[in-house]
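>>> Next come a sequence and a model predicted from it.
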Amino acid sequence: MANSAYPPASRELSQKRRALASDIEAAFDAFGQRVFADGALPAKTKQVIAVAVAHVTCPYCIKGYTKAALRHGATPEELMEAIWVAAGMRAGGAYAHSVVSLAAMDDAANRAPSG
């Protein structure tokens, strides 16, 4: 991630985060283990979802969840389709949010002095 706002992930940063709030990190880790366990959705499906979500939320997560999904049996084709779904959702969100700009444009036009 050259020229990124995100510092490179490191063992030192992970240890510092853990040291500053170890009980909360432990609870977060336990939560993650439960979230990704087999349930109504199999673990593989949850990992594929995580790959898609990571592509629109967390650059740190992409590599790890991709590897986890592959370990759970996901295929490269499944992962790429999931990534395209995420891209479609992100683009759809921008499209849907365009109404906010359109409304602001209308407000500005209605407030413009006539004459």
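Received the coordinates, thanks. Numbering: from 1, shown residues only.

>>> Only C-alpha atoms from now on, for both contacts and neighbour counts.
Fine.

>>> Quick check: which ranges of this structure have low pLDDT?
In the predicted model, the chain carries pLDDT under 70 at residues 1-3, 115.

>>> tell me the helices in it, going along the chain?
11-20, 22-35, 43-57, 59-71, 76-111 (DSSP state H).

>>> Relative to Ser4, which of these is closest?
Ser4 sits nearest to helix 59-71 of all the helices of the chain, at 10.2 Å, using C-alpha to C-alpha.

>>> Mind listing what's buried along the closest one?
Across helix 59-71, burial judged by 16 or more other C-alpha atoms under 10 Å covers Ile62, Tyr65, Thr66, Ala68, Ala69, Leu70.

>>> Now do the contacts for the last one.
When the contact criterion is C-alpha atoms under 8 Å, 6 or more residues apart in numbering, the partners of Leu70 are Pro76.

>>> Make 567 the starting number, not 1.
Will do, 567 is the new start, and the previous item becomes Leu636.

>>> Check the gap between it and Cys627 for me.
Plainly put, Leu636 is 14 Å away from Cys627 if you go by C-alpha to C-alpha, to the nearest Å.

>>> any idea how the chain splits into domains?
For the chain, the structural domains run 577-606, 607-681, going by automatic domain parsing.

>>> is it true that His638 touches Lys610?
Yes: look at His638 against Lys610 with C-alpha atoms under 8 Å: they come within range, at 5.0 Å.

>>> neighbour-wise, which of the two wins?
The residue with more neighbours, out of His638 and Lys610, is Lys610; 19 against 16, by other C-alpha atoms under 10 Å.

>>> now that one: how far from Glu591?
For Lys610, the distance to Glu591 - C-alpha to C-alpha - is 24 Å.

>>> ok, so of the buried residues of helix 625-637, who is nearest Ala662?
Ile628 (25.6 Å).

>>> got a list of what that closest one touches?
Val617, Ala620, His621.

>>> quick one: which of those has the most company?
That'd be Val617 among the contacts of Ile628, by other C-alpha under 10 Å, with 26 neighbours.

>>> Now do the contacts for it.
By C-alpha under 8 Å, 6+ apart, the neighbours of Val617 are Cys627, Ile628, Tyr631, Thr632, Ala635, Leu645, Ala648, Ile649.
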